[in-house]
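Colleague: sequence and predicted structure are below.
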Amino acid sequence: MITYGCFYILWVFSPSVAIKRRRIRDEHALGESAMPDFGTGMMVVDIEGAGISLPGAPISTETMLDSLEDHVSADLRNSVRNMGIKDRYSVIADYPGYVSGRSQRAFDSSTTSLAAAAVEACLDDWGGDPSQVGLVIAITNTANRPLPCLVYELVALFQGRLSDDVSVVNLQNMGCSSLIKAAEIAGMFIARHPDKTALVVAVEATTGLVETLKADRYRSFREILASRGDGTMADDMRNMQRFLFAMLFGDAAVAFVLGASEGAGRLGFGPTMHATNLEATDTEILRMDEGGIQVPVPEGFPFYIMGDEVPRRGSAYVSELLSRLRSRYRSENGELTNRPPRDLFQFFNIHTGSKKILSKVFSQLQVDEAGPQAGESFGVLSRYANTSCCSVGLMLAERCKAPLRDEVGLVVTFGVGFSASAAIVGTHWNGAQWH
């Protein structure tokens with residue numbers, strides 16, 4: 001297992017070790033006047049430590065395609081190459097071999113072990129007393145098993161380090177938008193218990209839900225439509241969706257220790273806002289029907305259904321979040337209301353649903369997707385694929401390891417529910433704005 005500490009990337013096979021963060025101000029940082037005044041009296045929680053854990057070595061898209069040989073059409077191969085994903089990680093020992101049917105399904109790690117490694121790296125990076133952790137929040141859509149839940153497993157694994165009277169919250173099957181929700185819950189806890197910290201861990205092992213691709217031929221949507229008269233359209237569509245599910249997702253874990261704001265010198269979470277089920281039918285856009293009481297034991301693997309309207313609806317949710325941001329946090333001179341998003345924030349960390357979704361969202365934000373403001377989102381998509389609830393966490397953890405920049409950004413997550421959340425994230429600008 002390769003484990004990333006938040007502030008330095010460790011390409012080693014030894015246990016997780018995190019390098020202490022460097023509190024270095026970027027000499028080219030933007031001045032204080034560049035940040036809009038989002039108001040006063042807003043609670044901020046600092047990121048006091050962070051850690052990332054990844055299973056095994058990166059697996060390239062080309063390796064995945066090569067493993068399937070001539071079972072994938074040229075048009076579908078080109079579509080996959082245009083997804084913006086260079087690599088992904090998997091808890092499965094030989095993921096390309098398993099997907100192609102040449103290897104048996106075997107695990108190098110699991111959801112729980114990935115989460116534990118991220119927590120270990122995070123606690124090492126933090127360097128504080130684990131007895132100060134008063135709340136543990138665990139987030140996943142891909143737990144090892146239904147019961148006991150992930151957060152209970154983690155408390156058991158860290159027995160002797162985490163107190164057995166710690167408060168616990170398990171956010172499970174809440175899709176890709178749950179990290180910001182967890183940070184908000186942590187902020188509420190810390191506001192009531194300022195002498196305590198909160199540990200938040202997000203983990204996904206989605207490739208563990210991928211099945212071996214057994215069809216003779218996988219064709220693109222365009223090719224399936226062109227041959228829809230041959231009676232195989234339904235099967236071809238389902239096969240294409242299984243193939244894309246294997247290509248789109250990757251596995252990862254990220255953990256943060258959050259504490260009460262101490263002023264300048266730390267990256268922190270500011271105000272948050274949410275939008276859930278703007279239309280009642282949005283509950284069906286993204287879903288997995290097997291595994292509940294209606295279909296308790298699926299035949300084979302559960303099937304992830306992703307509607308064609310996801311990019312459009314995701315963009316609509318981002319637009320609604322921006323509207324709520326403008327109405328709630330407007331500056332005294334009105335500039336927050338009148339300025340476009342690209343002028344309000346120095347960076348945007350957007351959930352990496354897909355390249356198409358990112359492009360749609362950045363267009364809505366009036367941000368150049370080829371520019372630096374969008375770079376972290378497209379970079380994480382390229383290096384890790386879609387890691388669901390971990391995606392923006394990976395961006396924030398990587399930002400933590402870099403020299404500290406006096407910047408403010410907008411973090412946006414969205415997914416199953418349908419639900420979307422946004423948070424203003426950044427440094428404290430010498431503690432002047434967010435207290």
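Modeller: Structure's in. What do you need? What you are looking at is a predicted structure, and each value in this text was computed from that prediction instead of being measured.
Colleague: tell me where the model's unsure across the stretch 1-150 of the chain.
Modeller: By pLDDT under 70, the weakly predicted segments of the stretch 1-150 of the chain are 1-43.
Colleague: now the closest residue to Ser131 other than its chain neighbours: how far from Arg192?
Modeller: Spatial nearest neighbour of Ser131, chain neighbours left out: Ser163 (5.6 Å); criterion: CB to CB, 6 or more residues apart in numbering. Heads up, the C-betas are built off the backbone N, CA and C, glycines and all. For Ser163, the distance to Arg192 equals 17 Å [CB to CB, to the nearest Å].
Colleague: neighbour-wise, which of these two wins?
Modeller: Regarding Ser163 and Arg192, a neighbour count based on other CB atoms under 10 Å identifies Ser163 as having more, with 16 against 9.
Colleague: quick one: the helix or strand Leu199 falls within to chain centroid distance?
Modeller: Here Leu199 is covered by strand 197-204, with elements defined by DSSP states H and E. Using CA atoms, centre = their mean, to the nearest Å, the distance from the centre of strand 197-204 to the centre of the chain it belongs to is 12 Å.
Colleague: give me the sheet partners of it and which way each runs.
Modeller: strand 133-140 (parallel), strand 252-260 (antiparallel) (DSSP bridges).
Colleague: need the next SSE after the first one, C-terminal direction.
Modeller: For strand 133-140, the succeeding helix or strand toward the C-terminus, using DSSP H and E, is helix 150-157.
Colleague: between that next one and strand 252-260, how many degrees?
Modeller: 80 degrees (axes from the mean of the first three to the mean of the last three CA atoms, to 10 degrees).
Colleague: flag every buried residue along the helix or strand just after helix 150-157.
Modeller: The helix or strand immediately downstream of helix 150-157 is strand 167-172, counting by DSSP H and E. Neighbour-count burial for strand 167-172 flags 168-171 (criterion: 16 or more other CB atoms under 10 Å).
Colleague: show me how far strand 167-172 is from its chain's centre.
Modeller: For strand 167-172, the distance to the chain centre is 17 Å (CA atoms, centre = their mean).
Colleague: just the CA trace of that strand, in PDB.
Modeller: Coordinates of each C-alpha in strand 167-172 appear next as PDB, following Å, rounded to 0.1, in the frame of the first residue of the first chain:
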ATOM      1  CA  SER A 167     -18.600  10.600  19.700                       C
ATOM      2  CA  VAL A 168     -19.100   8.800  16.400                       C
ATOM      3  CA  VAL A 169     -21.000   9.500  13.200                       C
ATOM      4  CA  ASN A 170     -21.200   7.200  10.200                       C
ATOM      5  CA  LEU A 171     -22.200   8.800   6.900                       C
ATOM      6  CA  GLN A 172     -22.800   5.900   4.600                       C
END
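Colleague: what does it rub up against?
Modeller: With contact meaning CB atoms under 8 Å, 6 or more residues apart in numbering, strand 167-172 is reached by 134-141, 143, 149-152, 155, 178, 181-182, 185, 189.
Colleague: likewise stretch 104-111?
Modeller: Residues contacting stretch 104-111 (CB under 8 Å, 6+ apart): 1, 55-56, 91-94, 98, 117, 140, 142-144, 150, 203-205, 208, 212.
Colleague: list the buried ones in that stretch?
Modeller: Quick answer for stretch 104-111 (16+ other CB under 10 Å): 107, 109-111.
Colleague: strands of the protein, residue ranges please.
Modeller: 2-5, 45-54, 59-60, 87-88, 133-140, 167-172, 197-204, 252-260, 268-276, 286-288, 304-306, 347-350, 408-415, 419-426 (DSSP state E).
Colleague: mind checking which of those strands is nearest Arg324?
Modeller: Taking CB to CB, strand 268-276 is the member of these nearest to Arg324, at 4.9 Å.
Colleague: give the buried residues for the closest one.
Modeller: Buried residues in strand 268-276, counting neighbours by 16+ other CB under 10 Å, are found at 268-275.
Colleague: can you tell me which of those is nearest Phe245?
Modeller: Ranked by distance to Phe245 (CB to CB), the buried residues of strand 268-276 are led by Ala275 at 26.1 Å.
Colleague: the spatially closest residue to Arg222 that is not a sequence neighbour: how many residues sit nearby?
Modeller: The shortest distance from Arg222 to any non-neighbouring residue, by CB to CB, 6+ apart, is to Asp75 (6.3 Å). Residue crowding around Asp75 was assessed by other CB under 10 Å; the count is 13.
Colleague: give the contact list for Asp75.
Modeller: By CB under 8 Å, 6+ apart, the contact list for Asp75 reads 219-220, 222-223.
Colleague: over to Phe378?
Modeller: 84, 355, 358, 369.
Colleague: any idea of the pLDDT on the third one?
Modeller: Meaning Leu358. pLDDT, Leu358: 93.
Colleague: measure how buried it is and give me the count.
Modeller: Around Leu358 there are 22 other residues, counting by other CB under 10 Å.
Colleague: one more: the second one?
Modeller: A count of neighbours around Lys355, defined by other CB under 10 Å, yields 19.
Colleague: the last one too?
Modeller: Each residue near Glu369 was counted by other CB under 10 Å, and the total is 19.
Colleague: now it: closest residue in space, sequence neighbours ignored.
Modeller: Phe362 (4.5 Å).
Colleague: dump the residue contacts of Phe301.
Modeller: Phe301 sits next to 209-211 when contact means CB under 8 Å, 6+ apart.
Colleague: so what pairs up with Ala252 in the strands?
Modeller: Beta-bridge pairing of Ala252 under DSSP bridges involves Glu204.
Colleague: Asp87 is in contact with that one, correct?
Modeller: No - contact status for Ala252 versus Asp87: not in contact, 11.4 Å apart, counting by CB atoms under 8 Å.
Colleague: what pLDDT does the residue nearest in space to the middle of the chain get?
Modeller: The chain has Ser391 as the residue nearest its centroid, 2.2 Å off, counting by CA atoms, centre = their mean. Ser391 carries a pLDDT value of 98.
Colleague: go on, Ser323?
Modeller: 84.
Colleague: in ChimeraX, select just the buried ones from the contacts of Asp75.
Modeller: To isolate the buried members of the contacts of Asp75 in ChimeraX, using 16+ other CB under 10 Å:
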select :219,220,223
